[in-house]
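> Predicted model, plus sequence, below.
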Amino acid sequence: MSKITTATLRKFKQEGRKFTALTAYDASFAAAFDSEGVDVLLVGDSLGMVLQGHDDTLPVSVEEMAYHTRCVRRGISRSLLMADLPFMSYATPEQAMTNATKLMQAGANMVKIEGGQWLLETVSMLTERGIPVCAHIGLTPQSVHVFGGFKVQGRDADNAQRILDEAKALEAAGAQLLVLECIPAALAKQITEALQIPVIGIGAGKDTDGQILVMHDVLGISSGYIPRFSKNYLKQTGEIREAVKAYIDEVQQGQFPAEEHTFN
Ligand SMILES: Nc1nc(=O)c2c([nH]1)NC[C@@H]1CN(c3ccc(C(=O)N[C@@H](CCC(=O)O)C(=O)O)cc3)CN21
Ligand SMILES: CC(C)C(=O)C(=O)O
Ligand SMILES: [Mg+2]
């Protein structure tokens with residue numbers, strides 16, 4: 001099987017073939033997810049919560065992200081490897097270039113950054129210099145203290161329009177992928193149809209081009225916050241590889257996310 005690139009994902013979008021993504025933080029899980037056919041692996045800054053036990057993602061450092069990216073890289077043969085730039089590591093385009101370089105040199109194929117309008121210059125500067133960017137909008141967890149909690153975004157008409165406009169502007173700035181988190185399904189559908197680039201949803205309904213979940217949620221070992229949009233696939237399968245297969249299968253068949261995992 002040849003390596004997944006952003007061009008592969010774009011082809012999947014054009015063909016209407018759903019793809020799957022999971023977080024991974026170490027080589028062993030990465031190798032298992034890769035060999036079962038997960039298309040995209042994300043070294044998420046969610047590691048601040050699920051590995052380190054913090055209440056949010058803000059304490060995570062670039063060095064920690066680079067360490068886990070190096071670990072995951074050694075487990076991968078086929079999947080695309082994306083890594084999150086953590087809180088405040090891309091506050092200026094210069095910081096973004098310095099820190100994205102560290103993650104790329106640790107083995108990432110692209111970096112993910114949270115934000116809309118204010119990030120446009122950063123997206124084009126990174127892309128022009130050889131670092132592909134996945135933009136992340138909607139519920140951006142690094143802004144949890146601005147939002148006042150992990151809350152669904154884009155429910156009123158003004159905010160929905162703003163998120164749609166941001167998505168189009170990020171694509172125009174050069175973003176090659178987009179993550180939509182915790183927004184109403186109808187808005188995610190509208191954005192997915194409006195863009196040429198592949199759109200990955202989490203808590204964004206069934207009509208995005210791909211789905212992503214945090215591996216601890218899929219394997220039923222998250223404590224504290226367990227988002228409603230996630231699903232424990234270990235419960236129904238009893239084995240990690242079978243759980244991952246079931247997740248991939250349900251995404252490809254359009255069975256996940258179901259109505260119970262969806263915000264309206
Ligand atoms: N285990 C885990 N899973 C995740 O999906 C995840 C993390 N951790 N850490 C980083 C961010 C934080 N995320 C979260 C965390 C909680 C909710 C949550 O509790 N959402 C409410 C919806 C609230 C509303 O209706 O406005 C829910 O019921 O799911 C959502 C996203 C997503 N990411
Ligand atoms: C939930 C995904 C999209 C993420 O950003 C993370 O795991 O950090
Ligand atoms: Mg993240």
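Nice, thanks for sending it over. Ligands and ions are numbered 1, 2, ... in the order given.

> so how many other residues sit close to residue 234?
18 (other C-beta atoms under 10 Å). C-beta here means a position set from N, CA and C on the backbone, and glycine is covered the same way.

> didn't it look like it was pressed against residue 243?
Yes. Between residue 234 and residue 243 there is a contact under C-beta atoms under 8 Å: 4.5 Å.

> shared neighbours of these two, anything?
Residues touching both residue 234 and residue 243 comprise 218-219, with contact defined as C-beta atoms under 8 Å, 6 or more residues apart in numbering.

> Scan the chain for its longest helix.
Looking across the chain with DSSP state H, the single longest helix is helix 157-173.

> what's the next secondary structure element after it?
For helix 157-173, the following helix or strand on the C-terminal side (DSSP states H and E) is strand 177-181.

> Around ligand 1, pick out the residues from the stretch 1-150 of the chain.
With C-beta under 6 Å from any ligand atom as the criterion, the stretch 1-150 of the chain comes near ligand 1 at residues 46, 49-50, 57, 139, 141, 150.

> out of these, who's near ligand 2?
Okay, of these touching ligand 2 (C-beta under 6 Å from any ligand atom), that's residue 46.

> Let's see the PyMOL selection covering just the buried ones among the residues of the stretch 1-150 of the chain next to ligand 1.
Only the buried entries of those go into this PyMOL selection, using 16 or more other C-beta atoms under 10 Å:
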select buried, resi 46+49+50+57+139+141
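
> Export the residues of the stretch 1-150 of the chain next to ligand 1 as a markdown table, with columns for secondary structure.
Formatted as a markdown table, these follow (DSSP: H, G, I helix; E, B strand; the rest coil):
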| residue | secondary structure |
| --- | --- |
| 46 | coil |
| 49 | helix |
| 50 | helix |
| 57 | coil |
| 139 | coil |
| 141 | helix |
| 150 | coil |
